[in-house]
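> After the sequence you'll find the predicted model.
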Amino acid sequence: MSNKTPAAISAILTILILVLVAILFTLLQMVALNGASERQGLTAMSVSLACQGIAILLLGMFAARTTRFLITKVEWNSILAVVITVLVATTIGGVISFLSAVITIPVAGIR
């Protein structure tokens, strides 16, 4: 098996999981912004989704490159490299999603 297949699998899995996490945090942010005005809520959610979208794309590339690195340079097993990379990238993405949802509320001017 070439190195491109596990790298593609890890990138796709990471992106899919992070999209689900982004949807979850967006729904939670909607509940948190229940009493805010529509303009402030829309600003907070737009900035949060932009941050999450950028993080998803960057972490997908990170997962693919890290998997390829672990297989070729460190000589790890393909399955182990994919699992570890997806777990690390998903954890980082979840933290970024949470922080973007929490930080954008005061940035939008909501008290």
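Thanks, I have the structure now.
> which parts of the helix or strand that contains I92 are buried?
Secondary structure assigned from DSSP states H and E places I92 in helix 78-107. Neighbour counts using 16 or more other C-beta atoms under 10 Å place 78, 81-82, 85-86, 89-90, 92-94, 96-97, 100-101, 104-105 of helix 78-107 among the buried residues. Backbone N, C-alpha and C define where each C-beta goes, glycine included.
> Find the residue at the geometric middle of the chain.
In the chain, the centroid-proximal residue (C-alpha atoms, centre = their mean) is G93; its distance is 3.3 Å.
> so what's that one closest to, chain neighbours aside?
The shortest distance from G93 to any non-neighbouring residue, by C-beta to C-beta, 6 or more residues apart in numbering, is to L18 (4.2 Å).
> Would you map the helices across the chain?
Secondary structure of the chain (DSSP state H): helices at 4-32, 38-72, 78-107.
> What helices and strands are in contact with the shortest one?
I take that to be helix 4-32. In this structure, helix 4-32 makes packing contacts with helix 38-72, helix 78-107, judged by 3 or more C-beta pairs under 8 Å, 6 or more residues apart in numbering; DSSP states H and E.
> Right, I'll call it a day here.
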